[in-house]
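Undergrad: dropping the sequence and predicted coords here.
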Amino acid sequence: MSTDALVLDDVTLTYGSATAVFGLSLTVGAGEAVGILGRNGAGKTTTLRGILGSGVRRKGSIRYFGEEIGGMRADQVARKGIGWVPDDRRIYTTLTVRENLLLASRERSGPAKEAVDEAVAAVPLVEKLLPRKGVQLSGGEQQAVAIARAVVGRPKVLLLDEPAEGLAPIIVESLQQSVIELSRSGMTILIAEQNLNFVLGATQRVCVLDSGREVLTCSSEEFGNSPELQNQHLAISLENHGKRR
Ligand SMILES: Nc1ncnc2c1ncn2[C@@H]1O[C@H](COP(=O)(O)OP(=O)(O)OP(=O)(O)O)[C@@H](O)[C@H]1O
């Protein structure tokens, strides 16, 4: 079995006649956490959709632990062990958080309670929310539940779409810590995100997209230490360097 969790080779992604990602090649090692960065419309979400096989047409090769998944449907890809946390979270609002998690546990073998306990341990923010209905959750709470729900399925690879978007710093920190712990436990993680601090703290490498093209892939440390690279690729002003949140 390949030790690379994901290998994207010359992947082009299109919506109808519009191309959103052009010839992307990216390798994510097993257990590695990689951030996909870029300005609005750069193609971050589309890249995750392409891996998942959801809502976008694909060309090129996508291999998951050596197996070609580029032609598979999203449900087949999910069953292979790729979990997805969409940016709109998709919590069932009329169910409690516990019911949301139990529903997800049907996708996995083994006792449901164990699956839920494991997810709560991985995302501690969820613990006090278990009896609450989805409709009663704030945006940050929904995001925590969405991550926990993906963890219930015990994915080998977790795709996170803008997990920090619009959330209070204290929630962002807690979710970042959860992602760091999941990564330490051996899960492979790919994060599409605008929040640079979130990505830099949770990943080993970053891939920067610009207008659907990869313009830079380097270590998160190198990108974090270079105001020039950040300014060049994300238009983060040199003056504000170090003041980001
Ligand atoms: N369903 C769709 N149909 C047609 N075009 C789309 C669709 N979704 C996205 N696009 C286009 O594809 C391009 C990439 O969009 P994408 O959502 O991947 O960017 P992004 O980097 O995730 O941006 P953001 O940070 O704003 O979420 C954009 O030009 C966008 O307008």
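TA: Done, it's in. Here the structure is a predicted model, which is why all the values come from computation and not from measurement.

Undergrad: where's Q76, which helix or strand?
TA: Taking DSSP states H and E as the criterion, Q76 maps to helix 74-80.

Undergrad: need the next SSE after that helix, C-terminal direction.
TA: Helix 74-80 is succeeded, C-terminally, by strand 82-85 (DSSP H and E).

Undergrad: list the buried residues of the biggest helix by length in the chain.
TA: Identified as the longest helix of the chain according to DSSP state H is helix 169-184. Buried residues in helix 169-184, counted by 16 or more other Cβ atoms under 10 Å: I171, V172, S174, L175, Q176, S178, V179, L182, S183. In short, each C-beta sits where N, CA and C put it, glycine included.

Undergrad: mind listing what's buried along the helix holding Q76?
TA: V77, A78.

Undergrad: start at 116 instead
TA: Shifting the count to begin at 116 puts that one at helix 189-195.

Undergrad: that one packs against which elements?
TA: Using 3 or more Cβ pairs under 8 Å, 6 or more residues apart in numbering; DSSP states H and E, the elements in contact with helix 189-195 are helix 159-167.

Undergrad: hang on, L139 in a strand?
TA: Yes. According to DSSP: H, G, I helix; E, B strand; the rest coil, L139 belongs to a strand.

Undergrad: residues of this structure that sit close to the ligand?
TA: Neighbours of the ligand within the chain, by Cβ under 6 Å from any ligand atom: 130, 133, 135, 153, 155-161, 307, 309.

Undergrad: can you do 8 Å?
TA: By the rule Cβ under 8 Å from any ligand atom, the part of the chain lying against the ligand is 130-131, 133, 135-136, 151, 153-162, 164, 170-171, 202, 276-277, 307, 309, 324, 327.

Undergrad: these in strands, which ones?
TA: Among the residues of the chain next to the ligand, DSSP state E puts Y130, A133, A135, V136, I151, D276, A307, L324 in strands.

Undergrad: related to what we said a few turns ago, any chance of the buried residues of helix 284-299 in TSV, with pLDDT too?
TA: Listed next are the buried residues of helix 284-299 as TSV, based on pLDDT from 0 to 100:
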residue	pLDDT
I286	91
V287	92
S289	92
L290	92
Q291	94
S293	93
V294	94
L297	94
S298	94
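
Undergrad: the spatially most central residue of the chain pairs with what?
TA: Note on the chain: the residue nearest the mean C-alpha position is L275, at 1.6 Å, using Cα atoms, centre = their mean. Listed beta-bridge partners, L275: V200, I306 (assigned using DSSP bridges).

Undergrad: which residues touch it?
TA: Counting by Cβ atoms under 8 Å, 6 or more residues apart in numbering, L275 touches V200, I262, V294, I304, L305, I306, A307, E308.

Undergrad: if I read this right, Q291 contacts G316, doesn't it?
TA: Yes. Between Q291 and G316 there is a contact under Cβ atoms under 8 Å: 5.4 Å.

Undergrad: kindly write the PyMOL command that selects the buried subset of the contacts of L275.
TA: Per 16+ other Cβ under 10 Å, the buried members of those correspond to this PyMOL selection:
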select buried, resi 200+262+294+304+305+306+307+308
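
Undergrad: quick check, nearest of the contacts of L275 to A234?
TA: Lowest distance from A234 to these (Cβ to Cβ) belongs to I262, with 8.4 Å.

Undergrad: what is the burial count for R188?
TA: 12 (other Cβ atoms under 10 Å).

Undergrad: and the residue lying closest to it once chain neighbours are set aside, how many neighbours does it have?
TA: Distances taken as Cβ to Cβ, 6 or more residues apart in numbering place G168 nearest to R188, at 5.7 Å, with adjacent residues excluded. Neighbourhood size, G168 [other Cβ under 10 Å]: 21.

Undergrad: look up how far T118 lies from G168.
TA: As for G168, its distance to T118 is 23 Å (criterion: Cβ to Cβ, to the nearest Å).
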